[in-house]
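Peer 1: kindly return the folded structure for what I paste below:
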Amino acid sequence: MPEASDYERYLHTAELLALQKPAAERVHRDELLFQVVHQSSELWLKLAAFETAAAAVRLRDGDLAGAAPLLQRALLGLRLITEQLEMLEHIAPRDYHLLRSALGQGSGFDSPGFRALQEVARDVGAAFLAHLQLHALPLAALYAEPERAPEAYRVAELLTDWDQQLGLWRARHLNVVERLIGGAAVGTQGTPIALLRELGAQRAFPALWAARDELARAMSAQRPPQPQRAHPPR
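Peer 2: Purely as a prediction, here's the structure:
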C-alpha cells in the first residue's frame, strides 16, 4: 500500500472516507448518499457557526468592517447546505422507508451543527444590538436613515440575509421530508411534520424583521392621503 501523501495526511482522508458505512453494512445503497449529504452539512454548519461566532467578537470590539466578510462566509455555508438537499430528492420514497430503519431515533433535532448555529445566532444578534445601543442608534432609525451608519446598515442586512437563508434551508428541508414521507407522517423521534412547519417560521433575529414593520408604518403615515375618486353618475 503506497505511503499517504501530504494531501491525505493533512486532510485525514483515510479517516474521513471511512466514516460512511461500508457497502456490506448498508440496508440500502442510498445510505451512502444520505450519509454524505448529512456529514458534509455538519462540516459546513461547523464552519458557519465558527465564522458567525468570530463576527460576534468583531462586533463587540466595534469592528463592523471586519465582521461583515465573516458573516458573508457563514451565509455562503448556509447556501451550500441548502443547495445540496437536492441530492436527497433523488431518493425514491419507497427506498427512503427502507433505509430509514437504519436511522433508529436519529433526528435533525440532534444535529450538533444546528445547535451550535442557534447558540451563535443569539450571540451575534446580541452583539449587534449592543453595538447599536452603545451608539444610541435604534434599529428603526438605522433603516429610516441607512446613510447615517452605512457599516451598521451593511451588517444589519447581512444578518437579515443570514436569517433568511437559514429559513430557506429549513423550508427546503421540510419540502424534502414531505416529498419522502408525506406531510401527515411523523419523524424518527415521533415529531409531527406539522411541528417542523411551525418551527421553520421562527426567526433568528426577530428585531431586524420588526424594524421593517416599524419603518413601513412610519412611511405609510408620511404619505399624503389619496384623493377620493368621484363616482360617475348612474
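Peer 1: centre-most residue in this protein?
Peer 2: Geometric centre of the chain, nearest residue: Leu166, 2.1 Å, by Cα atoms, centre = their mean.
Peer 1: helices of the protein, start to end?
Peer 2: Assigned by DSSP state H, the chain shows helices spanning 6-11, 13-17, 31-60, 64-83, 93-100, 112-134, 139-144, 150-181, 193-200, 206-222.
Peer 1: name the helix or strand of this protein that has the lowest mean pLDDT.
Peer 2: helix 193-200 (a mean of 70; mean pLDDT, DSSP states H and E).
Peer 1: looking at the helices of the chain, which is closest to Ala24?
Peer 2: Ala24 lies closest, by Cβ to Cβ, to one member of the helices of the chain: helix 31-60, at 11.6 Å. For glycine as for every other residue, the C-beta is placed from the backbone atoms N, C-alpha and C.
Peer 1: quick one: average pLDDT of that closest one?
Peer 2: Helix 31-60 shows a mean pLDDT of 97.
Peer 1: quick one: contacts for Ser41?
Peer 2: Shown in contact with Ser41 (Cβ atoms under 8 Å, 6 or more residues apart in numbering): Ile81, Gln84, Ser111, Gly113.
Peer 1: closest one to Leu195 out of the residues you listed, please.
Peer 2: Using Cβ to Cβ, the contacts of Ser41 come closest to Leu195 at Ser111, 15.9 Å.
Peer 1: quick one on the thing from earlier: can you lay out the helices of the chain as CSV showing distance to Ala24?
Peer 2: Output for those, formatted as CSV (distance: least, Cβ to Cβ, whole Å):
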stretch, distance to Ala24
helix 6-11, 24
helix 13-17, 16
helix 31-60, 12
helix 64-83, 29
helix 93-100, 15
helix 112-134, 28
helix 139-144, 56
helix 150-181, 25
helix 193-200, 33
helix 206-222, 49
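Peer 1: and the ones you listed: which comes nearest Ala23?
Peer 2: Ranking the helices of the chain by their distance to Ala23 (criterion: Cβ to Cβ) puts helix 31-60 first, at 8.0 Å.
Peer 1: torsion angles phi and psi at the residue nearest to Asp30 when sequence neighbours are not counted?
Peer 2: Leaving aside its sequence neighbours, Asp30 sits nearest to Ile91 (Cβ to Cβ, 6 or more residues apart in numbering; 4.9 Å). In terms of degrees, to the nearest 10, the main-chain angles of Ile91 are phi -90, psi 130.
Peer 1: now Ile91: how far from Gln84?
Peer 2: Per Cβ to Cβ, to the nearest Å, Ile91 is found 13 Å from Gln84.
Peer 1: the two: which has the busier surroundings?
Peer 2: With neighbours defined as other Cβ atoms under 10 Å, Ile91 and Gln84 compare such that Ile91 has more, 21 against 16.
Peer 1: for that one, give me its contacts.
Peer 2: Here Ile91 is in contact with Asp30, Leu33, Phe34, Leu99, Leu180 (Cβ under 8 Å, 6+ apart).
Peer 1: mind doing that once more with 7 Å?
Peer 2: Asp30, Leu33, Leu180 (Cβ atoms under 7 Å, 6 or more residues apart in numbering).
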